[in-house]
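Trainee: here's a sequence, model it:
(chains A and B)
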Amino acid sequence: MEIPNSVEKVLLDEETIAARVGELAAQISADYADNDGLILIGVLKGAFIFLADLARRLTVSHHVDFIALSSYNRGTANAGAVRLIMDTRTSVTGQHVLVVEDIVDTGCTLHYLLRTFHARKPASLRSCVLLSKPDRRQIEVQVDYLGFEIPNAWVVGYGLDYADRFRTLPYIGELRREAYE
Amino acid sequence: MGLRDDIAKVLIPESEVQKRVAELGQEINATYSDEDRLLLICVLKGAFVFLADLIRHLEVRHEVDFMEISSYGARTESSGVVRILLDLAQSIQGRHVLIVEDIIDSGRTLDYITRNLGTREPASLQACTLLSKPDRREIEVPVDFVGFEVPDEFVVGYGLDFAEEYRNLPFIGVLREDVVQTRIGE
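Mentor: Next comes the predicted model:
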């Protein structure tokens, strides 16, 4: 598949991602082997590819659910405030909840999600994130399973978009500065 | 995996699913151009696994959006009444839209979605489904891209669930009758 002009370079290729997703799935399968009621909650839109690949590698029984979020006033000082657009279909009370996110950046979104689910009294609550940009963190947030730490660049592909573009590239690419500035 | 013991038979093995998904990707590439800025609309929850693989074969420019719907009741589509739990994040007026579904059964859900999206005046509106059960059809609904026609059996895997289980099986399998009966009785 051709690499679009707007993509400066491939940061993580397909094989590297697939191998790491397999490792995460093995770790999660081992950790939840004795637990009933694991529920993976994918955060739309970004996490759907990661979730589809991760879930297929799990050897433990689990359910899948989705939530959709929107941030208020994107790009302004209040950019961290999050609005829940679609909640999970099923109750998470008493369930082992694993929040599945594509990326943790400032940490605000994941922090909001973990607080929201914590209030619902799950049996346990953990997070699984494909990418983390530690340099961007504004708020301490718990990441239990992490795919890769990456530098502070605009990344696209494997669920991550720029204005809805490049989301479905099979690799993680770094966007050229000219493409978003 | 314990879940596999509940499968009476593998209807479509993983390799065949993957091969057909790649072919559907090529058909879609041949149908649309970059200028169309194709918008794929994934119907949750079932279609997300199919979509995650389908997009890997798309070379034509596209974007994705999601709808989550709920038919009142368990898995049956009999009433045809559908509740939209999550609507699209964007307007589709003037857009070339392709609905992505896991399975077309009675056709009522797709019929409802097609009519609903049709009122939003897209430039074009087509549908792609991994599986179709023609024997179950209660309403004529056009489907432009079909992965496989399957008999009227209880199929699970590759996104399709029974009581939320079996979605992550990488193949399409038929659930054992006693498992269906036991779980319905629960």
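Trainee: would you map the strands across chain B?
Mentor: For chain B, the strands defined by DSSP state E cover B:7-12, B:38-44, B:62-71, B:82-86, B:96-104, B:124-132, B:145-149, B:155-156, B:172-175.
Trainee: ok and the third one relative to strand B:96-104, angle-wise?
Mentor: Right, strand B:62-71. 40 degrees (axes from the mean of the first three to the mean of the last three CA atoms, to 10 degrees).
Trainee: strand B:62-71 and chain A, are they touching?
Mentor: Yes. Using CB under 8 Å from any CB of the partner chain, strand B:62-71 comes into contact with chain A via B:62, B:63, B:64, B:65, B:66, B:68, B:70. C-beta: built from backbone N, CA, C; applies to glycine.
Trainee: now the strands of chain B as CSV including mean pLDDT and mean neighbour count?
Mentor: Below are the strands of chain B laid out as CSV (pLDDT from 0 to 100; neighbours: other CB atoms under 10 Å in any protein chain shown):
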stretch, mean pLDDT, mean neighbour count
strand B:7-12, 96, 16
strand B:38-44, 97, 24
strand B:62-71, 92, 20
strand B:82-86, 89, 16
strand B:96-104, 97, 24
strand B:124-132, 98, 22
strand B:145-149, 98, 17
strand B:155-156, 96, 24
strand B:172-175, 96, 23
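Trainee: about what we covered before: closest to chain A among the residues of strand B:62-71 next to chain A?
Mentor: Closest approach between these and chain A, by CB to the nearest CB: residue B:63, at 4.6 Å.
Trainee: surely residue A:25 meets residue A:57?
Mentor: Yes. Taking contacts as CB atoms under 8 Å, residue A:25 lies within contact range of residue A:57: 3.3 Å.
Trainee: these two: who's more crowded?
Mentor: residue A:25 (21 against 17; other CB atoms under 10 Å in any protein chain shown).
Trainee: next up, the contacts around that one.
Mentor: Counting by CB atoms under 8 Å, 6 or more residues apart in numbering or on different chains, residue A:25 makes contact with A:54, A:57, A:58, A:59.
Trainee: and the longest helix for chain B?
Mentor: Counting by DSSP state H, the longest helix found in chain B is helix B:14-31.
Trainee: briefly note if that one comes near chain A.
Mentor: No. Helix B:14-31 does not reach chain A (CB under 8 Å from any CB); its nearest approach is 9.5 Å.
Trainee: again with stretch B:150-166
Mentor: Yes. Residues of stretch B:150-166 contacting chain A under CB under 8 Å from any CB: B:164, B:165.
Trainee: okay, angle between the longest helix of chain B and strand B:96-104 too, please.
Mentor: Using the same axes, to 10 degrees: helix B:14-31 against strand B:96-104 is 160 degrees.
Trainee: show me what helix B:14-31 is packed up against.
Mentor: helix B:48-54, strand B:124-132, strand B:145-149 (3 or more CB pairs under 8 Å, 6 or more residues apart in numbering or on different chains; DSSP states H and E).
Trainee: and residue B:176, which of the ones you listed is closest to it?
Mentor: Ranking the helices and strands packed on helix B:14-31 by proximity to residue B:176 (CB to CB) places strand B:124-132 first, at 18.9 Å.
Trainee: what packs against that closest one?
Mentor: With contacts taken as 3+ CB pairs under 8 Å, 6+ apart, strand B:124-132 sits against helix B:14-31, strand B:96-104, helix B:108-118, strand B:145-149.
Trainee: can you tell me the strand partners of the shortest one and which way each runs?
Mentor: In other words, strand B:145-149. strand B:124-132 (parallel) (DSSP bridges).
Trainee: and for the strand it pairs with, what's in contact with it?
Mentor: Residues from elsewhere that reach strand B:124-132 (CB under 8 Å, 6+ apart): B:17, B:21, B:24, B:28, B:31, B:36, B:47, B:50, B:54, B:96-104, B:110, B:114, B:117-118, B:141-150, B:155, B:158-160, B:172.
Trainee: how far does the helix or strand bottoming out on mean pLDDT in chain A sit from its chain's centre?
Mentor: Using mean pLDDT, DSSP states H and E, the weakest-scoring helix or strand in chain A turns out to be helix A:177-180, at a mean of 81. Relative to the centre of its chain, helix A:177-180 is centred 23 Å away, using CA atoms, centre = their mean, to the nearest Å.
Trainee: could you check that helix and say which residues are buried?
Mentor: Residues residue A:179 are the ones in helix A:177-180 that count as buried (16 or more other CB atoms under 10 Å in any protein chain shown).
Trainee: ok, stretch B:24-38 next?
Mentor: So, applying 16+ other CB under 10 Å, buried residues of stretch B:24-38: B:24, B:25, B:28, B:31, B:32, B:36, B:37, B:38.
Trainee: tell me the two of those residues that are most distant?
Mentor: Farthest pair in these, by CB to CB: B:24 and B:37, 19.5 Å.
Trainee: my guess is residue B:52 meets residue A:54, correct?
Mentor: No. Residue B:52 is beyond contact range of residue A:54, at 10.3 Å (criterion: CB under 8 Å).
Trainee: distance check, residue A:134 against residue A:103.
Mentor: 12 Å (CB to CB, to the nearest Å).
Trainee: show me what residue 126 bridges to in the sheet.
Mentor: This is for chain A. Bridge pairing for residue A:126 (DSSP bridges) gives the partners residue A:98.
Trainee: oops, wrong one, chain B.
Mentor: Here residue B:126 sits in beta bridges with residue B:98, as judged by DSSP bridges.
Trainee: return the distance of it relative to residue A:107.
Mentor: Taken as CB to CB, the span from residue B:126 to residue A:107 is 40 Å.
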